[in-house]
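In: A predicted structure for the sequence below; I have some questions about it.
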Amino acid sequence: MKRVYADLHLCANVNDLSHVKRLANRALTLGYGFVAISFPPGYAEQLVTPTKEICREVGVELVPRVDLKPHTPDELLRDLRKLRRKFEVVAVVCQAKTVARQAAKDRRVDLLNFPQPDYRRVFFDWATAELASNSLASLEIDVKPLLILEGTPRIRLLSILQREVQIARDSHVPIVVSSGVSEELLMRKPSELASLASLINMDGIFAMDAVSKNPVTIIKRNREKLSWRFVAPGIRVVRRGKDC
Amino acid sequence: MDTVWKSISKLYGEHGASTVNLNLISFNDEEKSAILRVGHTSLELLKTALASITKVGDKSAAVHVLRVSGTIKALHRKL
């Protein structure tokens, strides 16, 4: 069966629809079926509909995504209560260890993202991996820092990412490889993202799954959950009416 | 080719670059496309190096792999 590819992290300027269109066109050319664009939490409704229209015109499916950057676990829970049903993908940028732990065990979180400047302080450790393996969270790895860093900082980053990938593999936590870029020239084909993932010990099918199977599974699961038919896992509305 | 070699040696070092056995077969200036020859054992290494190129000279650029083939004849047929 032919793979469908998804880039779950495009940082488009959602106030500039021409920028969104350029990125969507590029994504289509590169072979993506789904692109997730980060929206600011407060403006979801106004911005998502026109962006969706643009992407539909171009021929790629938009997946609205929100990046939560809480400082405390309580703040994370508050944000999740408020925003989970408004976005198809929820990513948590883990700026503190306590936030990472809370995000890893919460079934409403789809992606755990560890920001590049903090990778030495906060990273995907065994305890977080253990919690994530029992929930639905995946580890997200952005390729952008691998492209823009050079020399020692890139060596350090590669070392940290190799360790995180090993922990995720051993704990059976799915990995999603995304671009995380805002410029067209930094976008790469899915196979090229998989090739770059080989630098962090993700090879062959494992790397291809990180750009196709794993992100598409998240999208499908969340679309089903957000549909009106969904009641609970395994229970869905088949028909409504007086004769049911 | 300088950019490609630089990218390979940045990622894999000079020793890694020496094992690639890379050759430029042709370059089309109009289409900005090139055919590179590389041993099949070094193909993944070359793909990674090409994907990591963000600049050619001072200009921002991206390099994409269009096709991979065992022979140049088959490659021309596919393109």
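Out: Arrived safely, thanks for sending. Numbers count the residues shown, from 1 in each chain, chains lettered A, B, ... in the order given.
In: got the residues of chain B near chain A?
Out: B:10-11, B:44, B:47-48, B:50-52, B:54, B:60-62, B:64-65 (C-beta under 8 Å from any C-beta of the partner chain). In this view, the C-beta of every residue, glycine as well, is placed from N, C-alpha and C.
In: how far away from the center of its chain is stretch A:185-205?
Out: 16 Å (C-alpha atoms, centre = their mean, to the nearest Å).
In: now do the helices in chain B.
Out: Taking DSSP state H as the test, the helices found in chain B are B:2-18, B:43-51, B:72-78.
In: tell me the most buried of the ones you listed?
Out: Of all the helices of chain B, helix B:43-51 carries the top mean neighbour count, a mean of 21, counting by mean count of other C-beta atoms under 10 Å in any protein chain shown.
In: which elements pack onto that helix?
Out: helix A:190-197, helix B:2-18 (3 or more C-beta pairs under 8 Å, 6 or more residues apart in numbering or on different chains; DSSP states H and E).
In: what sits up against the last one?
Out: By that I understand helix B:2-18. A:150, A:199, B:20, B:22, B:36, B:45-46, B:48-50, B:52-53, B:55-57, B:63 (C-beta atoms under 8 Å, 6 or more residues apart in numbering or on different chains).
In: swap in stretch B:66-79?
Out: B:Ile25, B:Ser33, B:Ile35, B:Arg37, B:His40, B:Leu43.
In: ok, back up a step: in CSV: the helices of chain B, plus distance to B:Asp29 and mean pLDDT.
Out: What follows is the helices of chain B, written out as CSV (distance: least, C-beta to C-beta, whole Å; pLDDT from 0 to 100):
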stretch, distance to B:Asp29, mean pLDDT
helix B:2-18, 15, 88
helix B:43-51, 18, 91
helix B:72-78, 18, 87
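In: quick one: which of these is nearest A:His19?
Out: helix B:43-51 (23.1 Å; C-beta to C-beta).
In: quick one: contacts of that closest one?
Out: Outside helix B:43-51, the residues that reach it (C-beta under 8 Å, 6+ apart) are A:188, A:191-193, A:195-196, A:198-199, B:4, B:7-8, B:11-12, B:16, B:20, B:22, B:36, B:38, B:63-65, B:68.
In: which residues touch B:Asn28?
Out: Contacts of B:Asn28 by C-beta under 8 Å, 6+ apart are B:Ala34.
In: and it, what's its pLDDT?
Out: B:Asn28 carries a pLDDT value of 87.
In: and it, how far from A:Arg188?
Out: 22 Å (C-beta to C-beta, to the nearest Å).
In: and of the contacts of helix B:2-18, the nearest to A:Ala104?
Out: Nearest to A:Ala104 among the contacts of helix B:2-18, with distances taken as C-beta to C-beta, is A:Leu199, at 24.8 Å.
In: now the element after the longest helix along chain A, going C-ward?
Out: Determined from DSSP H, the single longest helix within chain A is helix A:151-170. On the C-terminal side of helix A:151-170, the closest following helix or strand by DSSP states H and E is strand A:175-178.
In: can I get that following strand in PDB? Just the C-alpha atoms.
Out: The C-alpha coordinates for strand A:175-178 follow below in PDB (Å, rounded to 0.1, in the frame of the first residue of the first chain):
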ATOM      1  CA  ILE A 175       8.500   9.000  17.200                       C
ATOM      2  CA  VAL A 176       7.300  11.700  14.800                       C
ATOM      3  CA  VAL A 177       9.900  13.500  12.600                       C
ATOM      4  CA  SER A 178       8.700  16.900  11.500                       C
END
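In: show me what that strand pairs with in its sheet, parallel or antiparallel.
Out: Looking at strand A:175-178 with DSSP bridges, its partner strands are strand A:138-142 (parallel).
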